[in-house]
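got a predicted structure here, sequence first:
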Amino acid sequence: MVEFRTGIEDVSTCDVLVIGGGPGGIASALAAARNGAKTVLIEREGCVGGMATIGLVGPFMTSFDGSGKVQIIRGIFDELVRRLEKAGGAIHPSKIGKATPYAAFIRKGHEHVTPFDSETLKIVAEDMLLEAGVQLIYYTDFVDTIMDGDSIDYVVVAKRQGAAAIKAGIYIDATGDASVAVKAGVPTSKGREEDGHIQPATLFFRVCNVDSERVYAYVEENKDLMGQPFFGVFSWLIKEGRKTGEWTIARDEMGTYETCSKGEWKLNTTRIQNIDGTRSEDLTKATIDGRKQVQEVYAFLRKHVPGFENAKLMDTASVVGCRETRHIKGLYTITKEDVINSVVPEDVILLCSNSIDIHDAKTGAGEYITVDKWYGIPYRSLVPQNCRNLLVAGKTISATSDAVSAFRVMPCCYGIGEAAGAAAALCVQESTVPARLEYGKLRDALLNENVFLGD
Ligand SMILES: Cc1cc2nc3c(=O)[nH]c(=O)nc-3n(C[C@H](O)[C@H](O)[C@H](O)COP(=O)(O)OP(=O)(O)OC[C@H]3O[C@@H](n4cnc5c(N)ncnc54)[C@H](O)[C@@H]3O)c2cc1C
């Protein structure tokens, strides 16, 4: 052990400090600032968007109900999508049907997805944050908390020029890893509590110059080979590829998603197992393995999939995508049964219909359960145990591993973030803490912002 102590001269204050600029963080910061709080957002990379930009993840999964008739995730998410569409960087989900190339031809649970362009997202989301008066600080890593009993007094961050301390009324952990919560003494678990199962990671990549019409025709000709209503595209090619040794990846189908630019596709296909995404060493190994797998998938596509013969590799994601790391323990823990039984709690802050989607850590298989109508996310699941002035936004809210596999998707994370940001601003206005905030006031604030909370 080495002791390391230093005084910090760079000290600043704000009402609400959002840590992490992914879907949860963007929406948190926007909602906090729009509700009158002096808001700072710190992000370790040079852009916002989180997995949608640095991880090239997409499309945004469905924001509609299980019947595909009602858009249920609205508010900031819908505003962002409309601005992206206006800038030529998205297609509104109301225009996207079932089993489309935008949804990897999947026939159930993938209706009304939103294809978008990651580069446009960087600019549009940044503009929205600056317009709302959020102070953005990029290239700044959260490092630790300084606690005063069970409240965070300061967070310590690493700026490029050195350590800095930021003091806020309310802190929002939107790191996607619950990194602030764990340092603040909030109980957390990694993966599935019963057996430690952690969903595998994926390094996304993009290709362009694809003859999309030929791909559509080839899928249509072979649609019976897909075999079931969920996944299975190109599974028949993979079966052959395993025999010849050209396919060694633990995945039985390809996640091939056309973006909003014709001929440009995102590949959600590599699979890296047994990765703890909170450790640099594991992430390094995953990224190196992922890039090797990209070479395999790219060669396979060009050789075997009609339409991809002249595809050109555009880029691999700069950050490997970890579906799951930590989950916090909050005032309520959402379970798989809540999702499957369409439970809508009294303190609902968001309705979603996204399917349980468990990628198995060992095999190429998984579990996929669709939802008929919708289920609700309770405010209490954003409020951590053991820390008074912290909220959590995004995929690490209090839920079991199986439950979060449904609503880890980005539209839900925007919705969760919007509620966290509005709640944080209300807490500052009322000099209270998240656990004591009157739910009715939060509900009113969300309804004012076009959030849909049921009929
Ligand atoms: C492989 C994979 C495939 C997926 N497929 C889809 C899909 O097709 N559609 C869909 O809608 N969703 C999909 N998802 C889910 C979705 O991308 C994530 O669950 C979602 O982005 C989580 O949002 P978040 O805001 O919680 O965290 P993230 O998106 O992870 O954002 C966290 C942000 O915090 C920053 N950060 C982290 N630590 C620190 C720190 N210490 N200091 C400062 N900043 C920090 C990060 O740089 C990042 O910008 C997928 C996820 C993965 C991994």
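Looks like it came in fine.

all contacts plus neighbour counts: C-alpha atoms, from now on.
OK.

quick one: the lengthiest strand in the chain near the ligand?
Longest among the strand segments of the chain by residue count, using DSSP state E, is strand 162-173. No. When contact is scored as CA under 6 Å from any ligand atom, no part of strand 162-173 falls within range of the ligand; the minimum is 8.6 Å.

identify all contacting residues around that strand.
With contacts defined as CA atoms under 8 Å, 6 or more residues apart in numbering, strand 162-173 is touched by 8-20, 25, 28, 152-158, 179-181, 389-393, 420-421, 424, 427-428, 433.

which helices and strands sit right next to the very next helix or strand once past it?
Stepping forward along the backbone from strand 162-173, the first helix or strand reached (DSSP states H and E) is helix 179-183. Contact analysis of helix 179-183 by 3 or more CA pairs under 8 Å, 6 or more residues apart in numbering; DSSP states H and E lists strand 141-148, strand 162-173 as its packing neighbours.

let me have those in CSV, extended by distance to K441 and mean pLDDT.
As requested, the helices and strands packed on helix 179-183 are arranged in CSV below (distance: least, CA to CA, whole Å; pLDDT from 0 to 100):
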stretch, distance to K441, mean pLDDT
strand 141-148, 28, 98
strand 162-173, 17, 98
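
could you dump those to JSON lines with mean neighbour count?
Formatted as JSON lines, the helices and strands packed on helix 179-183 follow (neighbours: other CA atoms under 10 Å):
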{"stretch": "strand 141-148", "mean neighbour count": "17"}
{"stretch": "strand 162-173", "mean neighbour count": "23"}
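
need these in CSV (columns: distance to K312).
As requested, those are arranged in CSV below (distance: least, CA to CA, whole Å):
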stretch, distance to K312
strand 141-148, 34
strand 162-173, 38
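
re the thing from before, parallel or antiparallel, list what pairs with the longest strand of the chain.
Within its sheet, strand 162-173 is paired with strand 10-19 (parallel), strand 151-159 (antiparallel), strand 390-392 (parallel), according to DSSP bridges.

is the ligand contacted by the longest helix seen in the chain?
If you go by DSSP state H, the chain has its longest helix at helix 280-304. No. Between helix 280-304 and the ligand, judged by CA under 6 Å from any ligand atom, nothing touches; the nearest distance is 11.0 Å.

name the helix or strand for E418, please.
The secondary structure element spanning E418 is helix 410-430 (assigned by DSSP H and E).

okay, angle between that helix and strand 162-173 too, please.
Computed by axes from the mean of the first three to the mean of the last three CA atoms, to 10 degrees, the angle separating helix 410-430 from strand 162-173 equals 100 degrees.

picking up where we left off before, off-centre distance for the longest helix of the chain?
Taking CA atoms, centre = their mean, to the nearest Å, one finds the center of helix 280-304 at 21 Å from the center of the full chain.

so which bits of it are buried?
Burial within helix 280-304, assessed by neighbour count using 16 or more other CA atoms under 10 Å, is assigned to 283, 286-287, 289-291, 293-294, 296-302.

so what secondary structure elements neighbour it?
When contacts are defined as 3+ CA pairs under 8 Å, 6+ apart, helix 280-304 packs onto strand 312-316.

what comes up buried for the helix or strand following the helix holding E418?
Beyond helix 410-430 on the C-terminal side, the first helix or strand identified by DSSP H and E is helix 439-448. Burial within helix 439-448, assessed by neighbour count using 16+ other CA under 10 Å, is assigned to Y439, L442, R443, A445, L446.

what mean pLDDT does helix 439-448 get?
Averaging the model's pLDDT scores along helix 439-448 yields 98.
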